[in-house]
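**Student:** Whatever this is, show me its structure:
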Amino acid sequence: MSEQQFYTIQEVANIMRVDRTTVGRWIASGALPAINPSGQKKGHRLIKRSTLNTLLEGINGTDTTQR
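**Tutor:** Here you go, the predicted structure:
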């Protein structure tokens, strides 16, 4: 079984070329699912690589799974 890769909010912001606040808003609105490994209401959020790839595919209309 392969290990799931996760991105931080800052990493997603860099990939998407947006501010980390924008990524936080996407998460808060439900547009970008994220997990909170600490279980606290506010805290560190992680985004699954597969989730980000799905988002990018929808934007670009291309398959990003090979990247």
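
**Student:** Can you read off the pLDDT for P37?
**Tutor:** Listed pLDDT for P37 reads 85.

**Student:** where in the chain is pLDDT low?
**Tutor:** Where the chain drops to pLDDT under 70, the residues are 1-4, 40-41, 61-67.

**Student:** do that again at 80, thanks
**Tutor:** Applying pLDDT under 80 to the chain flags the ranges 1-4, 38-43, 59-67.

**Student:** tell me what the longest helix along it is packed against?
**Tutor:** In the chain, taking DSSP state H as the definition, the longest helix is helix 49-60. Using 3 or more C-beta pairs under 8 Å, 6 or more residues apart in numbering; DSSP states H and E, the elements in contact with helix 49-60 are strand 6-8. Yep, even glycine has a C-beta here, placed from its N, CA and C like the rest.

**Student:** Quick check: I9 touching R45?
**Tutor:** Yes - look at I9 against R45 with C-beta atoms under 8 Å: they come within range, at 5.8 Å.

**Student:** Overlap of the contact sets of these two?
**Tutor:** Taking C-beta atoms under 8 Å, 6 or more residues apart in numbering as the criterion, I9 and R45 both touch 24, 27, 34.

**Student:** what distance separates stretch 35-48 from the centre of its chain?
**Tutor:** 12 Å (C-alpha atoms, centre = their mean, to the nearest Å).

**Student:** Pull out the buried positions in the helix or strand hosting T22.
**Tutor:** According to DSSP states H and E, T22 maps onto helix 20-29. For helix 20-29, burial by neighbour count (16 or more other C-beta atoms under 10 Å) applies to 23-24, 26-27.

**Student:** Ok, stretch 34-45 next?
**Tutor:** Buried residues in stretch 34-45 (16+ other C-beta under 10 Å): 34, 45.

**Student:** okay, it in PDB with CA atoms only?
**Tutor:** The C-alpha coordinates for stretch 34-45 follow below in PDB (Å, rounded to 0.1, in the frame of the first residue of the first chain):
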ATOM      1  CA  ALA A  34      -8.600  19.400   4.100                       C
ATOM      2  CA  ILE A  35      -7.900  17.400   7.200                       C
ATOM      3  CA  ASN A  36      -6.900  18.600  10.600                       C
ATOM      4  CA  PRO A  37      -4.500  16.100  12.100                       C
ATOM      5  CA  SER A  38      -4.400  17.800  15.500                       C
ATOM      6  CA  GLY A  39      -8.100  17.600  15.800                       C
ATOM      7  CA  GLN A  40      -8.300  21.200  17.200                       C
ATOM      8  CA  LYS A  41     -10.900  23.600  15.800                       C
ATOM      9  CA  LYS A  42      -8.100  25.900  14.500                       C
ATOM     10  CA  GLY A  43      -4.800  24.500  13.600                       C
ATOM     11  CA  HIS A  44      -2.600  22.900  11.000                       C
ATOM     12  CA  ARG A  45      -4.500  21.700   7.900                       C
END
